[in-house]
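Q: here is the input, now give the coordinates:
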Amino acid sequence: MIGYLTLGTNDLEKAAHYYDSLLSGIGATRAYKTEELAVWSFGEGTALFSITKPFDGNPATVGNGVMIALEAESPEAVDVLHAEALRLGGSNEGDPGQRGKSFYIGYFRDLDGNKLNFFCRT
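A: The predicted model follows:
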């Protein structure tokens, strides 16, 4: 079971605004924020999503091969959320579409270059 996911950021305020807007589309709300960290909850007992300035003080960098998948309710929701990720300043890493027999997925990178996707099972 995953307890939480954390991505690094070099601009906490800008990234927090990005994720406030984006994650609200799948029912997440900001649980708390400090000067170094912001955390969102998807509901009691679910995994948390967080962004942080690196604890070692070095710049945040993108992990090669790292990707976070966020589940949406439908292909239409994936389309809307992917478009919102791009509208908020993210970049496209793969248009939404059917992948294999059972996944509909849209890939994007956030403001810091972290790779994520919204998906649903079809």
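Q: check which helix or strand Pro96 maps to.
A: Using DSSP states H and E, Pro96 maps to strand 91-99.
Q: sorry, that was for Ala16
A: Per DSSP H and E: helix 12-23 holds Ala16.
Q: so which bits of the next helix or strand after that helix are buried?
A: Once the chain leaves helix 12-23, the next helix or strand it forms, by DSSP H and E, is strand 29-33. For strand 29-33, burial by neighbour count (16 or more other Cβ atoms under 10 Å) applies to Lys33. Glycine gets a C-beta too; all of them are placed from N, C-alpha and C.
Q: partners of the helix or strand just after strand 29-33, with directions?
A: Using DSSP H and E, the next helix or strand after strand 29-33 towards the C-terminus is strand 37-41. The strands that strand 37-41 pairs with in its sheet are strand 29-33 (antiparallel), strand 48-52 (antiparallel) (by DSSP bridges).
Q: the residue nearest to Gly27 when sequence neighbours are not counted: neighbour count?
A: Spatial nearest neighbour of Gly27, excluding adjacent residues (Cβ to Cβ, 6 or more residues apart in numbering): Phe42 at 6.1 Å. Around Phe42 there are 17 other residues, counting by other Cβ atoms under 10 Å.
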